[in-house]
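A.B. asks: My questions are about this predicted structure, shown below with the sequence.
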Amino acid sequence: MKGNKRNIILTGFMATGKSSVGRRLAVMLGYDFLDLDTLIAAEAGMPISQIFATQGEAAFRALESRMVDRVAGRQGCVVATGGGTIVNQRNLETLKRSGVVVTLTADPDTLVARIGPTDDRPMLWGADTRERVRLLLEQRAQAYARADLIVDASAQTIDQVVKHILDFLALHHVVAKGATANLPAMAESLRLVLGPRSYEVIIGPSLLGEVGTLTQDLGLAGTGILVTNPVDNQRFGQRLVRVLEEAKFAVTCIEIPEQEEEKGLERLGWLYRQMATHRLERRSPVFALGGVVTGELAGFAAATYLRGLPLIQIPTSLIAQVDSSIGGKVGVNLPEGKNLVGAFYQPRLVVTDVETLAALEEREFRAGLAEVVKIAAIRDREFFAYLEGNVEEVLSRDLRVLVRLVRRACEIKASIVEADEWETDVRSFLNFGHTVGHALEAATLYRGPNHGEAVAVGMVVATTLSVQRGMCPGEDLSRLKALLQAFGLPTTLPTDPAEITRFVRYDKKIQSGQIRFVLLRGVGDATVASLETLGELETALTACA
Amino acid sequence: MDTIRVNLGNRGYDIHIGSDLITQVGDLVQPLSLGRHLGLVTHPALAEPYGSVVADSLRRAGHEVSLLTVPPGEESKSLEEAVRLSRALVRARLDRGSALIGLGGGVIGDLSGFVAATLYRGIPFINLPTTLLAQVDSSVGGKTGVNLPEGKNLVGAFHQPHLVVADVLTLRTLPEREFRSGLVEVVKHGMIADPVLFQRLEEQADGILARDPGALQEIVRRSCAIKARVVEADEREAGLRAMLNFGHTVGHAVEAALGYGAITHGEAVAHGMLVAAALSVRRGLCPEADAVRLQRLLTRFGLPGVPLPSPESLETYMVSDKKARDGVLQFVLTRGVGSVTFAPVFDRDELRLALQDVRR
C-alpha cells in the first residue's frame, strides 16, 4: 500500500550522489523516484541554468518551493532535492512532515573533483570553484545538520551508501526489514522470435555485471572485442572488461567516437583492421557498448567480418535501448547519405541496463523519449496514457518506470519486427514522423534539432496531415503535442516549410515516385498512405510553422 | 537450357545453364519482378560484347541499366572498390527496389554480391558467371565478400542471389589455363558426390577440352546440382558444407608456399586432392584404383601442371591454416570416387608420406 509509505528525502551538496543513490533506493524499495531539479526545469520549460540566467535566483527559489509542496503532497517517493533546497526553513519543515530526511555529505576535495565543469551549476558561477564550494558548505551546514540521518559518501560506493540508509530506515521502522530487492533479479526479459535468429533482450537495473555470464550462457567463449565510445568507456568500460574477464573472455577494448560523422567507411575499415589485428575468429563475440553510432557501426562490422560474428548489444542511450538495438538494423553512412550501406543482422543478445540512462545528457534523454512517444503513438494507446500519467517519474528517470517504459517500447518494436523482419509493411510504421524528421535534420545541415527533436516535429506534422484528411480526431493531435511538450520536445517547425518539402522529395523511402507517409487514425493506430499532392504536405507544414 | 532449383525457403532461387543465355537475360529475369532500374557490374574487357548484349536484352525487357566496370584481378576485391561501386550506384539513383547484376568471374561475383548484400541493407542480386570456376563454384551458395590487406575474404556476407544464369558459350573465350583450373572444381564435385559426373569427365575429356557446348552444359549442370544440394543442407557453413573443402587443406598451403600468382587456385587444389587421396589410400579408406583414376583424369586435363613443393615447405603453411583446430589438421578424405569423409590428421609423418607418394 503506497498510501502508508512515508517519503524518503535525500538532500546534501551537489555531487554527493543524491540522484544515483535515490534511484537505487527507490527501485529497491519499490518507491517512485522524483528528482526535484528535473521537475523544476520541466515546469519552467527550460534548464535551471537558464532560469538563473534569465529570471534570477529568487524566481528559481520560488518555483522550487512550489515543487517542494507538490512532492510533499505525494507518498511512497524517494525525492532527491537540489543542493540548496532545505536552506529555506519552510521547505525543510514541509519535507520533514512528509517523510525522513537524509543528508549526504562529502569532504570538499572529493566534491570539487566530482563536480568538474560548472556550466550547469549556477550556484558555482563566477568565483573560484573551491572557494565557492567551501563558502556554500559553510552557509548550508546548519540546514544539512537538521536531517534525520547524515551519511558521509566520500569514501563509499553507491551500494554502500544505499545499504547504510536502508539499515537506518529498517531500524526506525520506516520500511520493513529485508524489504530490499536483488537488483539483477528484477530484470525482465523479452524474447524476439525470429526462427533460428531468435534472441533475448534483458532489461533491468544493474545488469552490466551480468554480461559475462549471460554471454557464457550462449555457449560463447574465448577472444572477443569490446567496441565503445570514450564517454561510456570511462563510465563503464573498465568494469565491463573486468566482468568479461571473470567469465573467461579475453577482450580488447576499441574506442570509436559516438558521432554520426564517424559512422562512415573510413572508421569501418579501421575497425575491420582492429578485428584482424586481434585475430578474431568466427565465434569471437563483439560487444557493442554505447549509443546508436556504436551499436550500428560495431553491429555492421560484426555482421560482415568473417561473414558474421556473434554480436552482443549493450545500449547505453535511451534511443539505442528502445529503438536501434532491437530489430537488427546495422549500417554505415556514405558521403551520399545516411545508412545507405548496411544489413539486417540480429544480435545474439541485448543487455539493457537502464541505470546507464541516469548519466545521459538531458537533451539526449529527451530525444530518446521522442522515439518512445512514437512507438506508443503508432501502436499502443494504453502505453501512451501510461506515459501521460508518469511524466514526472519518467523525467526523474525513476528506474522502475524506465524498466517498464523500455520494456514496453521494446516489446512493441519487437512485435513489429517479428511480424515483418525485412521491412516491407508494418515495420514502416516505425518511420512515423521520420519523413519530415529526416528532411528537417537535412535542411538544418544536422546542426539544428537532433534526431529525436526532429522526429517530434515530424510526428506533429504527420498527425496534423492525418487530422486534415479527417482520419484522426483533433483531440489526439492535442494529446500528442501536450505529451511531447511535457517531455521538453519541440512541436513546431523551426524552418521554412518549403525547405522541408524540397528535402522530402529526395528521401530514400520514395518508391516508384510516390511519397509514402505514416499517418495516424488516432493515438495507438497507424497506417501508411501515399501523399496525394505536395500541396497537402505544405498545408500541414504551414499549420505547424 | 537446364534449370536447377536451390531450395532455401523464401531465399530459394534458380540456376539456368545453357548456350546463348546472356542474350535472353531480359526474359529470364521477368518472373522476378525486379524494379525498373538495374545496375550491371563487369570488367572493361567483358563490357564488349557480353556487357552490351546483357544490357540490350534487359533494356528490351523495359529496364533501365547503369553499367559500371571494375578493373580485373584479385586486387579489385577490396573494401575500397565495394565503396566506390556503392557510391556510384547511389549517384546513378538505384533505389531499394533495384537489383544488381554481376557479369564475370569470381572477383565480380564476390564483389558485386557483397555490394548487393549491403547497399540499402540488401538489394536483389543476379549472377551471370562467365568463368568455369564461377559457374560451378562461387556463383552457387551465397558467399560474397572482399579482401582486407590482412587476409582474403575477411569481410563478407551470406546473400543468396535471386537468379544465376550460366551461359556456357562465355567459356569459349576463357584463357586455357583458367579453363583447366576451373575443371579441377568439377573433378572435385565428381570425387565428393557424383560418380556419374566423374565418369562423364573421363569419357568426354576431348569434347570438354574442345569446349563443346553440349559437354560443358552437362558437367556444369551436374556440378551445380551437387553444390546446390550441399548448400541446401548447410546454408551457413556449419558442417556438411566443409566437404567442399576436399583438396583445400593442402591446396591452400601449396598456394601460399609458391606465392599467389605462381600457381592457380585450381592447380593447387589438384595437388591437394591427390594428397588427400594418397592419405585415404594409406589409411585403407580408398581403393588404390580410384586414386589412380583421379590422377589419370587430372593428367588428361594437364593438371596440376606445376610441381608439388617439398613437404617441409608446405608444413608451416598448413598449421597456420584457419581450418586447423588446436594444431590438428582437419582433412576431407575420400572413400573412393563419389564419396568423402572427415578425419583429423594428428600424425605429421603420415602426411609427409602421403606428400612423398604424390611427388613420386
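C.D. replies: In hand now; what should we look at?
A.B. asks: check which helix or strand covers whichever residue of chain A sits closest to chain B.
C.D. replies: In chain A, the residue that lies nearest chain B is residue A:276 (3.6 Å; C-beta to the nearest C-beta). The way it works is simple: take the backbone N, C-alpha and C, and place the C-beta from them, glycine included. Take DSSP states H and E as the rule and residue A:276 turns out to sit in helix A:265-277.
A.B. asks: Pull up the per-residue confidence for residue A:428.
C.D. replies: Per-residue confidence (pLDDT) for residue A:428: 86.
A.B. asks: can you tell me which residues contact residue B:222?
C.D. replies: Going by C-beta atoms under 8 Å, 6 or more residues apart in numbering or on different chains, residue B:222 touches B:189-190, B:194, B:196-197, B:200.
A.B. asks: buried set for the helix holding residue A:276?
C.D. replies: Neighbour-count burial for helix A:265-277 flags A:265, A:267-269, A:271-272, A:274-276 (criterion: 16 or more other C-beta atoms under 10 Å in any protein chain shown).
A.B. asks: can I get those in a markdown table with pLDDT?
C.D. replies: Putting these into a markdown table (pLDDT from 0 to 100) gives the following:
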| residue | pLDDT |
| --- | --- |
| A:265 | 92 |
| A:267 | 95 |
| A:268 | 96 |
| A:269 | 95 |
| A:271 | 97 |
| A:272 | 97 |
| A:274 | 95 |
| A:275 | 96 |
| A:276 | 93 |
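A.B. asks: Pull the contacting residues for residue 84.
C.D. replies: The chain I'm using is chain A. With C-beta under 8 Å, 6+ apart, residue A:84 has these contacts: A:61, A:123, A:136, A:140.
A.B. asks: I'd like the distance between the residue nearest to the first one when sequence neighbours are not counted and residue B:50.
C.D. replies: On the basis of C-beta to C-beta, 6 or more residues apart in numbering or on different chains, the spatially nearest residue to residue A:61 that is not a chain neighbour turns out to be residue A:88, at 6.7 Å. As judged by C-beta to C-beta, to the nearest Å, residue A:88 and residue B:50 stand 85 Å apart.
A.B. asks: So for the two, which sits in the more crowded spot?
C.D. replies: residue B:50 (22 against 15; other C-beta atoms under 10 Å in any protein chain shown).
A.B. asks: how about JSON lines for the contacts of residue B:222, with pLDDT added?
C.D. replies: Below are those laid out as JSON lines (pLDDT from 0 to 100):
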{"residue": "B:189", "pLDDT": "96"}
{"residue": "B:190", "pLDDT": "96"}
{"residue": "B:194", "pLDDT": "95"}
{"residue": "B:196", "pLDDT": "97"}
{"residue": "B:197", "pLDDT": "97"}
{"residue": "B:200", "pLDDT": "97"}
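A.B. asks: Make a ChimeraX selection of the buried ones in these.
C.D. replies: Here is the ChimeraX selection string for the buried members of the contacts of residue B:222, based on 16+ other C-beta under 10 Å:
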select /B:189,190,194,197,200
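A.B. asks: any chance of the contacts of residue B:222 in TSV, with secondary structure too?
C.D. replies: Compiled in TSV, the contacts of residue B:222 are given as follows (DSSP: H, G, I helix; E, B strand; the rest coil):
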residue	secondary structure
B:189	helix
B:190	helix
B:194	coil
B:196	helix
B:197	helix
B:200	helix
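A.B. asks: ok so, going back, ramachandran angles for the residue nearest to residue A:61?
C.D. replies: The phi/psi pair for residue A:88 (degrees, to the nearest 10) reads phi -70, psi 120.
A.B. asks: Would you mind listing the outside residues contacting the helix holding residue A:276?
C.D. replies: Against helix A:265-277 from outside (C-beta under 8 Å, 6+ apart): A:225, A:227, A:252, A:254, A:256, A:297-298, A:300-301, A:305, A:332, A:334, A:341, B:79, B:83, B:148-151, B:154-155.
A.B. asks: Of the residues you listed, keep whichever come out buried.
C.D. replies: A:225, A:227, A:254, A:256, A:297-298, A:300-301, A:305, A:332, A:334, A:341, B:79, B:83, B:148, B:154-155.
A.B. asks: Now, the residues you listed that are in helices?
C.D. replies: A:297-298, A:300-301, B:79, B:83 (DSSP state H).
A.B. asks: Now do the contacts for the residue of the stretch 51-200 of chain B found nearest chain A.
C.D. replies: The nearest approach of the stretch 51-200 of chain B to chain A comes at residue B:150, 3.6 Å away (C-beta to the nearest C-beta). Residue B:150 sits next to A:273, A:276-277 when contact means C-beta under 8 Å, 6+ apart.
A.B. asks: and if we set it to 7 Å?
C.D. replies: With contacts taken as C-beta atoms under 7 Å, 6 or more residues apart in numbering or on different chains, residue B:150 has the following neighbours: A:273, A:276.
A.B. asks: Skipping its backbone neighbours, what lies nearest residue A:465 in space?
C.D. replies: Nearest to residue A:465 is residue A:540, by C-beta to C-beta, 6+ apart, at 4.1 Å.
A.B. asks: In terms of helices and strands, where is that neighbour?
C.D. replies: Taking DSSP H and E as the definition, one finds residue A:540 inside helix A:534-543.
A.B. asks: list the buried ones in that helix?
C.D. replies: Using 16+ other C-beta under 10 Å as the burial criterion, the residues of helix A:534-543 that qualify are A:537, A:540-541, A:543.
A.B. asks: Need the pLDDT of the residue of the stretch 51-200 of chain B closest to chain A.
C.D. replies: For residue B:150, pLDDT reads 89.
A.B. asks: how close does residue B:102 sit to residue B:27?
C.D. replies: Distance from residue B:102 to residue B:27, by C-beta to C-beta: 19 Å.
A.B. asks: So which residues on chain A come close to chain B?
C.D. replies: With C-beta under 7 Å from any C-beta of the partner chain as the criterion, chain A meets chain B at residues A:265, A:269, A:272-273, A:276, A:303-307, A:329, A:331, A:334-337, A:340-344, A:511.
A.B. asks: from the residues you listed, which ones fall inside strands?
C.D. replies: Among the residues of chain A next to chain B, the members found in strands (DSSP state E) are A:329, A:331, A:334, A:337, A:340-344.
A.B. asks: pretty sure residue B:331 belongs to a strand, no?
C.D. replies: Yes. Under three-state DSSP, residue B:331 falls within a strand.
A.B. asks: For beta bridges, what are the partners of it?
C.D. replies: Assessed by DSSP bridges, residue B:331 has beta-bridge partners residue B:343.
A.B. asks: What of residue B:65?
C.D. replies: Note on residue B:65: beta-bridge partners by DSSP bridges are residue B:38.
A.B. asks: re earlier: of the contacts of residue A:84, which belong to helices?
C.D. replies: Short answer: those in helices (DSSP H) are A:61, A:136, A:140.
A.B. asks: What count of nearby residues applies to the first one?
C.D. replies: Meaning residue A:61. 16.
A.B. asks: Equivalent analysis for the one 5 residues further on, please.
C.D. replies: By the other C-beta under 10 Å criterion, the neighbourhood of residue A:66 contains 12 residues.
A.B. asks: Which strand or helix spans it?
C.D. replies: Going by DSSP H and E, residue A:66 is part of helix A:48-72.
A.B. asks: pLDDT weak spots in the stretch 301-450 of chain A?
C.D. replies: Where the stretch 301-450 of chain A drops to pLDDT under 70, the residues are A:421-425.
A.B. asks: And the strands in it?
C.D. replies: A:311-315, A:329-334, A:337-344, A:349-353 (DSSP state E, counting those that start in this stretch).
A.B. asks: picking that back up, between the ones in helices among the buried ones among the contacts of helix A:265-277, which is nearest residue B:218?
C.D. replies: Using C-beta to C-beta, residue B:79 is the member of these that sits closest to residue B:218, with 38.6 Å.
A.B. asks: buried residues in the lowest-mean-pLDDT helix or strand in chain B?
C.D. replies: Least confident helix or strand, chain B: helix B:311-319 with a mean of 80, by mean pLDDT, DSSP states H and E. Neighbour counts over helix B:311-319 (16+ other C-beta under 10 Å) mark B:311, B:314-315, B:317-318 as buried.
A.B. asks: again, but for stretch A:137-146
C.D. replies: Neighbour-count burial for stretch A:137-146 [16+ other C-beta under 10 Å]: A:137, A:140, A:143-144.
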